[in-house]
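# missing the sequence, but the structure's below:
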């Protein structure tokens, strides 16, 4: 019917060829019929898909307010099973996905510590994951090695029982669902002011190594006229690759180390933690990061309608006294993560139209 | 409408003020509309509430006997999720709560080892628990630090998403649900003789450090004319604080180290284990505790209608040959724990009246 | 009604008497009304029972293909709870049973590491398991000590709340559900050629220590005219006890170390791994096992309708290039394990006739 060549799919490409692709070309291979088959890279999400996930998350959140609504949600994927394969410890991301699965009725099993598997008997890690995946309909995966989730998705696509894979963080790579929840929090918190478009947003802290910033900065390029401030000590400033990406997308931004000058200017501040787990020789200790903390006294410098975010966990980046201020949205961010992940999973399994119908009936009454 | 000052609630009191209260005043802060909102201290339970929990546990136990009944029970809280946060290892208490949650349909997630959380990234433990709690409707918590569950309940009551907390044991503190199941076992096993009221009950073993004895002794003061024997070597006898409490409640009791003299006198014997995990210098090894063991030969000294209890785990306090005697109730105690915890959870969520209705319909047929 | 003496049951025999029985006499004690009450030894399964389990597994597999079918399956045991007690690490067997339970609706709890239990407080392991079992309706158990699952089944049969026990592998003992899934894979893969009967089957590798071979060889004696090749280096050849068993059942077999001569002769090859975890002094390193590997070049020597199996995990016994060949059935074997375990559990709980009815209605439409 079509004169176009069929798009290359993940099971038709070799691993070396795959690795030669850029993130956008890779991302195209994870889509299937306009939805994410896998969720591995933030580059998979275009603006209509972000809008759809956000609308879904909001409907789910409202449906979940009643006993009947929750029981309905739990019927949506009750016939399926998910494996949460977490080779890298992360209770918070684990629990967020676990709760999201429970909301949809997905039955979960966890594999936390790879050392309890039979890898000790000399099996390859790919054989292990392929074996475990035999029992499940979805794999949610966190791994210390960059690109591991993509490798597993590629490997399974070459078997006769491929299974969708969600990247819950791998190595220093991008962490796509964190970025989704951050965008959702921004949109929701700035909703009365028209959402993200046209806003000024500051990223503060360890911008060189934090994977959340890379992912989020990319997604924000999908909104019109966002201006970004990157506020960091020189050695932790944003990588040149991300800067180049922003320039290519014609996004206006500025780099600075003067946090207090930026606070009154912006609509949203996204604080991050010094990622000293990536240090090679405790070099983070040499940097004075106290200038990049949000202290109680900063509250009066912040616009009354601005918001303050943090992906958590925090150390000293935000003083606990700030928590009670209504502009502090980092605890809401946590819960938003659960709703966004629920929305993503339902979308991957093509059950999101059932949400539309239920919500329509609910709000008509 | 009322001239009375509104009662102080947990979110209106500072932590230092809270800590200055006695257990009874604290306990009042955990109630909400005549039910336990949190379950943290045995002092929360008055006699009507104990009677109610016992009646509920018995109804639940009977409903659970059929396939239809179990499926009904599982519908009661199927829309909710519980986190079992067990920072201190305890498979038996964990499984008892886990099974209780499953009976009510509550979806569970466990956090066993705090070291797998991002506390390693320098987050405070309170931030961790607050984050985790975001995904759940109930927290069941065991922690090595005394008062930790109360601190979390207090902390969450100051946020915009408080969640009920059940204390599943913290430090050397009281362990309220253990005491509830002990009372239930006593009442149920002595039912034909009119229940606990008017009975003679011996506590044997490590009365200085066992948290179950402290909690249970308090709850038994709510029954008329209970006489208590505290049977222990001198260095492990009941603390003066508990003795003072009993005296203030006008409870008759006696302290002794002559176990064999007590056995024929009593209606129930509650054996306990030497809690040498609290030793500071292996001092327990210096005490001859063999005189405080229940041996097979003691069976013929025991009244034919008396019962023998133990919170388990046991070491040598009760000889295995005793297990087959019908007066040995410690295995039934274990299973009673599951029913009592189920009852408590349903009561906390105000679903217990649904049990009344179902049970009424069931027994009418 | 009967002149026959009542059969001895597990709760009427002492442990020493039990231990004096041979495997067939033991196996008889685990049956109840023609079904397995416990599933502990492969000797429990006669040919009609194997045929039944295989038929059930196939029906379940087909019912599970639809959303309605899966939801139906999950209603079958939704009122029950299973404990997976895995004192020995094995993620793959654990997940297979876990998924099987989830398919039937059984609610699971896991006990992985015995060190987290209160055994540290000096409790006996039997007391621990008896306590844990109080909360559950089924125990699925893996343990490093041979005979442990049988001991627990025996111990619980002497209490007033016995619970069925499935042996998921103990010590070097037999591993009955692995053998069931192997037979199912053989039957299913050779179905068009009349199933296992009359076929030539080669076992290759570590035949002295692999528990799967012992169990499977026994079950294959229940099929007519099976010829077996045992292909191994001399020091890892099949034990004389199994050889004697085969001779007593009049099964034809041959021992050899010439793998390449056997490949073209057989209908199925069952590869196994060198079980060097049972080495006492790294003696496996002294054996050249490369002659017992299935390499890519062997594919053209294999009959076009033959199949290649492996219980996994593999090391170098099968080259990864072989995986894509349609005769390689080891990945399907993994998934068959889940279906067979589902079938076994439903049969143990007498819910298999519900499957017959549902499947009949389904295929009539």
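Cool, got the structure. Keep in mind that what you see is a predicted model, and the values were worked out from it rather than measured. Numbers count the residues shown, from 1 in each chain, chains lettered A, B, ... in the order given.

# Going by C-alpha atoms from here, please, whenever you check contacts or count neighbours.
Fine.

# residues of the host helix or strand of residue A:128 that come out buried?
For residue A:128, the host element (DSSP states H and E) is helix A:125-133. For helix A:125-133, the neighbour count (16 or more other C-alpha atoms under 10 Å in any protein chain shown) marks A:127, A:128, A:129, A:130, A:131, A:132, A:133 as buried.

# for stretch A:310-324, same thing?
Under the neighbour-count criterion of 16+ other C-alpha under 10 Å, stretch A:310-324 has A:310, A:311, A:312, A:313, A:314, A:315, A:316, A:317, A:318, A:322, A:323 buried.

# Report the contact partners of the first one.
By C-alpha atoms under 8 Å, 6 or more residues apart in numbering or on different chains, the residues touching residue A:310 are A:270, A:271, A:272, A:329, A:330, A:333.

# Among those, which are located in helices?
Counting by DSSP state H, the part of the contacts of residue A:310 found in helices is A:330, A:333.

# of the contacts of residue A:310, list those near chain B.
When C-alpha under 8 Å from any C-alpha of the partner chain is applied, no member of the contacts of residue A:310 is adjacent to chain B.

# Need the phi and psi values for the residue in the stretch 51-200 of chain A that chain B sits nearest to.
Closest approach between the stretch 51-200 of chain A and chain B, counting by C-alpha to the nearest C-alpha: residue A:91, at 4.7 Å. With angles defined as degrees, to the nearest 10, residue A:91 sits at phi -60, psi -40.

# Could you do residue A:229 as well?
Backbone dihedrals for residue A:229, given as degrees, to the nearest 10, come out at phi -110, psi 130.

# And for it, nearest residue in space, chain neighbours not counted?
residue A:202 (4.4 Å; C-alpha to C-alpha, 6 or more residues apart in numbering or on different chains).

# Where does the one you found sit: helix, strand or coil?
strand (DSSP: H, G, I helix; E, B strand; the rest coil).

# and it, what are its bridge partners?
residue A:229, residue A:269 (DSSP bridges).

# hang on, it packs against residue A:226?
No. Counting by C-alpha atoms under 8 Å, residue A:202 sits too far from residue A:226 to count as a contact (10.5 Å).

# In terms of packing, which of the two has more residues around it?
residue A:202 (23 against 17; other C-alpha atoms under 10 Å in any protein chain shown).

# Spell out which parts of chain A neighbour chain B.
Residues of chain A that fall close to chain B, judged by C-alpha under 8 Å from any C-alpha: A:67, A:70-71, A:74, A:89-92, A:95-96, A:98-99, A:102, A:277, A:313-315, A:324, A:331, A:334-335, A:338.

# let's see it at 7 Å
Contact residues (C-alpha under 7 Å from any C-alpha of the partner chain) of chain A with chain B: A:67, A:70-71, A:89-92, A:95-96, A:99, A:313-315, A:334-335.

# List only those of those flagged as buried.
Applying 16+ other C-alpha under 10 Å to the residues of chain A next to chain B flags A:70-71, A:89-92, A:95-96, A:99, A:313-315, A:334-335 as buried.

# In strands, which of these appear?
Counted as lying in strands by DSSP state E, out of these, is not a single one.

# Among those residues, which ones are in helices?
Those of these lying in helices (DSSP H): A:70, A:71, A:91, A:92, A:95, A:96, A:99, A:334, A:335.

# For the stretch 251-365 of chain A, which segments count as strands?
Taking DSSP state E, counting those that start in this stretch, the strands of the stretch 251-365 of chain A run over residues A:252-256, A:268-271, A:307-309.

# Also the stretch 101-250 of chain A?
Listed in chain order, the strands of the stretch 101-250 of chain A (DSSP E, counting those that start in this stretch) span A:107-111, A:138-143, A:165-170, A:200-204, A:227-231.

# Redo those as CSV? Include mean pLDDT and distance to residue B:213.
Shown next, in CSV, are those (pLDDT from 0 to 100; distance: least, C-alpha to C-alpha, whole Å):
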stretch, mean pLDDT, distance to residue B:213
strand A:107-111, 95, 38
strand A:138-143, 95, 45
strand A:165-170, 92, 46
strand A:200-204, 98, 54
strand A:227-231, 98, 58
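
# For chain C, see how far away the residue lying closest to residue A:299 once chain neighbours are set aside is.
Using C-alpha to C-alpha, 6+ apart and skipping residues adjacent in sequence, the residue nearest residue A:299 is residue A:322, 7.5 Å away. To chain C, residue A:322 is 39 Å away according to C-alpha to the nearest C-alpha, to the nearest Å.

# Work out the gap between stretch A:276-294 and the centre of the chain.
24 Å (C-alpha atoms, centre = their mean, to the nearest Å).

# what about that stretch, how long is it end to end?
Distance between the two ends of stretch A:276-294: 19 Å, counting by C-alpha to C-alpha, to the nearest Å.

# buried set for that stretch?
Of the residues in stretch A:276-294, A:284, A:289, A:292, A:293, A:294 count as buried by neighbour count, 16+ other C-alpha under 10 Å.

# ok, now stretch A:353-365?
A:355, A:358, A:359.

# Just give me the closest of these to chain C.
Among the buried residues of stretch A:353-365, and counting by C-alpha to the nearest C-alpha, the member closest to chain C is residue A:355, at 17.0 Å.
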